[in-house]
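**Student:** Compute the structure for the input listed below.
(one chain, ligands or ions: 1)
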Amino acid sequence: MANRLKAAALAVYHTTYEPALALVLGPRRISGFECAAAGGPPEVAIHPHRVAGCGPACGFDQGERRRVVARYSLKTRGDGALDRALGRAARRLSLTPMAIDLDRFPSHTDFQALVKRRSSRTLPKIRKAAKMGYVAERFSVHAHVYDIHAVRTSMRSRAAGPVLDYWFLKPEDVAKPAGRPATWRMPKCPRHWTLWWGVFLPEPGHVQGKVQVDRRLVAYMKLMRIGDVLHYTDLMGHGEHLGHGVMNLLHDAIIRWLIESDEPLVEGVRVVLYGAAEHGGEGLLTWKKRAGFEPMRLILAPAPDGKTDAPLSRDRRAG
Ligand SMILES: [Zn+2]
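**Tutor:** Now for the predicted structure:
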């Protein structure tokens, strides 16, 4: 019942509040970016769909991944007068995705050059965090449940507003804690997956429940790959470590991985999406800008064929 109520409240939020937010706040929020003087956000076609190579265990289901696509992308429209008018209205009434187009950065050095142009302080922060011993890498959420809980309950309010978790979250709400040492697992489909990245500090003797892990997780990010889009769905740092640049370090490590790695998991990722320009306060928008994000319109390419985009049966939905 609670879940149904929550889903209904979210549906109302997405269909009424967000269009109003886009209309009222959108133009002002993008005014500080290069694209504001160039006729609006650049448009990039995205291909989130299942493809023939996905395999039977592909996780592009009817749930969260499809909702992200619906919330942040616009339909491809024809060239007729009515289509153009509808397209203009849709742009005004849609959230403005904040994204990085990786096609613009042949190397990680090229990406860092953009970050440096936006603020001279970010790269020194990242270098300092690395010198202090912070390391960013993938992890199993089940292996670090208690540290994630500590991160999420470390501050009463954040850039996006008050933190309800501060009062109500219990460790078991995060995930099921592992009873033995656990490492991250390879997703079933290379194009549709969820993975966690974390920032760690070595700490001999540190435990999670009864399992000794010898390192402390101080920041994390939940990544969701949806075809050629990678979405930052959940990211947070511990209040005591945020001042050490741990979020910048984490983001930079992920972008480096996306650009430089030849793993199938990242092959074909083009757009890194982190919410919308209309989300949160000015502080959050400034963080995104300094991290290399810019306003963008994501245009949904048609599914390659009806078959690959068909609803999945229940047993094929895991993953
Ligand atoms: Zn897939």
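
**Student:** what's the pLDDT at residue 210?
**Tutor:** Residue 210 is assigned 93 on the pLDDT scale.

**Student:** likewise residue 80?
**Tutor:** We have a pLDDT of 90 for residue 80.

**Student:** got it, and the one 10 residues further on?
**Tutor:** Turning to residue 90, the model gives it a pLDDT of 90.

**Student:** can you check the one 10 residues further on too?
**Tutor:** Per-residue confidence at residue 100 stands at 98 (pLDDT).

**Student:** Am I right that it is in a strand?
**Tutor:** Yes: counting by DSSP: H, G, I helix; E, B strand; the rest coil, residue 100 is part of a strand.

**Student:** so who does it touch?
**Tutor:** The contact partners of residue 100, taken as CB atoms under 8 Å, 6 or more residues apart in numbering, are 111, 255, 271, 272, 292, 293, 294. For glycine as for every other residue, the C-beta is placed from the backbone atoms N, C-alpha and C.

**Student:** just checking, which of these belong to strands?
**Tutor:** Those of the contacts of residue 100 mapping onto strands are 271, 272, 294, per DSSP state E.

**Student:** Can you add neighbour count and give the residues you listed back as CSV?
**Tutor:** Formatted as CSV, the ones in strands among the contacts of residue 100 follow (neighbours: other CB atoms under 10 Å):
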residue, neighbour count
271, 24
272, 22
294, 22
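
**Student:** For residue 78, state which of these is nearest.
**Tutor:** Residue 78 has its nearest neighbour among those in residue 271, at 23.6 Å by CB to CB.

**Student:** Cross-check the contact I'm expecting between that closest one and residue 98.
**Tutor:** No: contact status for residue 271 versus residue 98: not in contact, 10.7 Å apart, counting by CB atoms under 8 Å.

**Student:** Need the residues touching each of the two.
**Tutor:** Common contacts of residue 271 and residue 98 (CB under 8 Å, 6+ apart): residue 296.

**Student:** With respect to the ion, which of the contacts of residue 100 is nearest?
**Tutor:** residue 271 (16.5 Å; CB to the ion).
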